[in-house]
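> return a 3D structure for these sequence lines:
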Amino acid sequence: WADWIWFPKGHGWADLTDHDGKVFPKLPDLWASIPITVCFLLFRQIFERTVACPLASLLGVRDKKRVCAPPNPVLEAFFCNTSKHPTQTCVERLSKEAGCSVRQVQRWFRQRRNQGRPSKLKKFQEASWRFAFYLFAFFAGLAVLVDKPWFYDLKLMWEDFPKMPLLPSQYWYYMIELGFYFSLLVSVASDVKRKDFKEQIIHHVATIVLISFSWLVNYIRAGTLIMLLHDASDYLMESAKMFNYAGWRKTCNFIFTVFAAVFIVTRLVILPFWTSSKMSAVTKRRPSQTTKAKTCGKNPKMATCGTATPPLTTTTRKGTDWTLMGCVVPPTGRGHQPESQIGRRVQRATRRYPHAPGNPLLCGGTTPPKPHLSSLHLPHSSCTTLHFRPAILVLQAALLIPGVLKST
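Here you go, the predicted model:
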């Protein structure tokens, strides 16, 4: 939990204390998700009985009447303690112990297995509950983010980090999402046990950890955007399950096709290549004037970092103005560069544009002077490097866990 791992240089956990009427996320705030979890569990029971059951009848979901196996202590003990699928040798032995024929023993085990199998109505109720929440969460997330500037310009997602005050809408969005996944983790034992039971538990735990982690380090803006991306496809998947249980095959296939397209775009394109790339770009953003002055004052080599130098500007083929000598070197995204390399770049650019105003060659010079490192502003991160790349890398890697687990 060292400051240098999770925050930019010069910032730390002390910046997340409330001041001047601004509220910041804290660890005790997460306790609010516990009563929300209880409310979700109670509301789910009401929803499944009052909404899901009538909807299932409307769509044609029917429960088949299953014949219960007759009571037999010998076969029941073998079924519960040994195996649900006895071999032929065991069937012959059990027929002698129970005093019935081999055919009757086989029929009893088949009826007993079907007796404990969940019905389509039960599966439909669970899918409809998740569909209702994901649909609500997606449009509620849109309502929370649609008026925020970082929803349209992701570079603003890290503006003034970590001193980004908490908004009430962000607080409730986080607590509701966290409470819902807590309720899923609690109810997974009583829900229909599927083949991916262990993967479901890992998925819910990973989601809870990620939501809590992003809350603690004030990754609120990034967290709300990522939760919105995840909810964008989940309600489509649950609705496809509902129509599958109802026997609407064509509708199910169509919705599942839409779900697959939305899932690929949101989870495999936007999240890793768009949202996460903007998260990495925070390490390259231009520092504020206060931070720049503070850092330049500590470094003797950067003493003239804020001084003005007569610029030599020109226009590239794309029409972009940049400074050859004195201020900004065309950004290459390489961060710090050796002084000799910068000098060679300036010389090449000066020879390439010999008629640019201010070129020393026009003033009778033979070769452009080699600029000193202290007279140059390097691209964005030169004066101040934000030393929290480990945190960004950890978050980027962890953000893919829920999507990958859920896709399996």
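
> neighbours of residue 109, how many?
Residue 109 has 21 neighbours, counted by other CB atoms under 10 Å. Where you see a C-beta, it was placed from the backbone N, CA and C, and this is true even at glycine.

> same deal with residue 243?
20.

> for the one helix or strand residue 76 maps to, give me every contacting residue.
Assigned by DSSP states H and E, residue 76 falls within helix 73-81. Here helix 73-81 makes contact (CB atoms under 8 Å, 6 or more residues apart in numbering) with 69, 86, 90, 94, 97, 98, 105, 108, 109, 112.

> and the average pLDDT for the following helix or strand past it is what?
Later in the chain than helix 73-81, the nearest helix or strand by DSSP H and E is helix 88-98. Per-residue pLDDT over helix 88-98 has a mean of 84.

> what's the answer for stretch 258-269, then?
Stretch 258-269 comes out at a mean pLDDT of 90.

> list the buried ones in that stretch?
By 16 or more other CB atoms under 10 Å, the buried positions in stretch 258-269 come out as 259, 262, 263, 266, 267.

> who's in contact with the host helix or strand of residue 58?
Assigned by DSSP H and E, residue 58 belongs to helix 53-59. Contact with helix 53-59 is made by 121, 124, 125, 128, 242, 243, 245, 246, 248, as judged by CB under 8 Å, 6+ apart.

> Serialize these to JSON lines and add fields for distance to residue 139.
As requested, these are arranged in JSON lines below (distance: CB to CB, whole Å):
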{"residue": "121", "distance to residue 139": "27"}
{"residue": "124", "distance to residue 139": "23"}
{"residue": "125", "distance to residue 139": "22"}
{"residue": "128", "distance to residue 139": "17"}
{"residue": "242", "distance to residue 139": "18"}
{"residue": "243", "distance to residue 139": "21"}
{"residue": "245", "distance to residue 139": "24"}
{"residue": "246", "distance to residue 139": "24"}
{"residue": "248", "distance to residue 139": "24"}
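
> need the residues you listed in TSV with distance to residue 32 and secondary structure, can you?
TSV is the format used below for those (distance: CB to CB, whole Å; DSSP: H, G, I helix; E, B strand; the rest coil):
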residue	distance to residue 32	secondary structure
121	34	helix
124	32	helix
125	28	helix
128	27	helix
242	31	helix
243	36	helix
245	35	helix
246	37	helix
248	40	coil
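
> identify, from those residues, the entry nearest to residue 48.
residue 125 (4.3 Å; CB to CB).

> how close does that closest one sit to residue 202?
Going from residue 125 to residue 202 by CB to CB, to the nearest Å gives 24 Å.

> that older thread, which one of the contacts of helix 73-81 sits closest to residue 218?
residue 112 (54.6 Å).

> the closest one touches residue 69, doesn't it?
Yes - at 4.2 Å, residue 112 counts as touching residue 69 under the criterion of CB atoms under 8 Å.

> let me see the backbone angles for the closest residue to residue 64 other than its chain neighbours.
Once flanking residues are discounted, residue 64 sits nearest to residue 119: 7.5 Å by CB to CB, 6 or more residues apart in numbering. Here is the backbone geometry of residue 119 (degrees, to the nearest 10): phi -80, psi 160.

> tell me, how many residues neighbour residue 119?
Burial of residue 119 is recorded as 15 neighbouring residues (other CB under 10 Å).

> now residue 16
That count, for residue 16 with other CB under 10 Å as the rule, works out to 20.

> tell me who's in contact with it.
Listed by CB under 8 Å, 6+ apart, the contact set of residue 16 reads 24, 25, 26, 162, 218.

> need those residues in TSV (columns: secondary structure).
Formatted as TSV, these follow (DSSP: H, G, I helix; E, B strand; the rest coil):
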residue	secondary structure
24	coil
25	coil
26	coil
162	coil
218	coil
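
> quick one, the helix holding residue 76 and helix 88-98 angle?
Counting by axes from the mean of the first three to the mean of the last three CA atoms, to 10 degrees, helix 73-81 lies at 140 degrees to helix 88-98.

> helix 73-81 - what's its average pLDDT?
83.

> now it: buried residues?
75, 78, 79.

> for it, C-alpha coordinates in CSV please.
What follows is helix 73-81, C-alpha atoms only, in CSV (Å, rounded to 0.1, in the frame of the first residue of the first chain):
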residue,chain,number,x,y,z
PRO,A,73,-33.8,-47.0,2.5
VAL,A,74,-31.2,-49.3,0.9
LEU,A,75,-31.3,-47.6,-2.5
GLU,A,76,-31.5,-44.2,-0.9
ALA,A,77,-28.4,-44.8,1.2
PHE,A,78,-26.4,-46.0,-1.8
PHE,A,79,-27.7,-43.0,-3.8
CYS,A,80,-26.6,-40.4,-1.2
ASN,A,81,-23.4,-42.0,0.0
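
> domains of the chain?
Residue ranges for the domains of the chain, per automatic domain parsing: 3-60+123-285+393-407, 73-115, 299-375.

> circling back to that earlier point, quick one: the residue nearest to residue 64 from residue 136, how far?
For residue 119 relative to residue 136 (CB to CB), the value is 26 Å.

> now do residue 109
43 Å.

> my read is residue 179 is in a helix, agree?
Yes - counting by three-state DSSP, residue 179 is part of a helix.

> wouldn't it be in contact with residue 39 here?
Yes - assessed by CB under 8 Å, residue 179 is found in contact with residue 39 at 7.4 Å.
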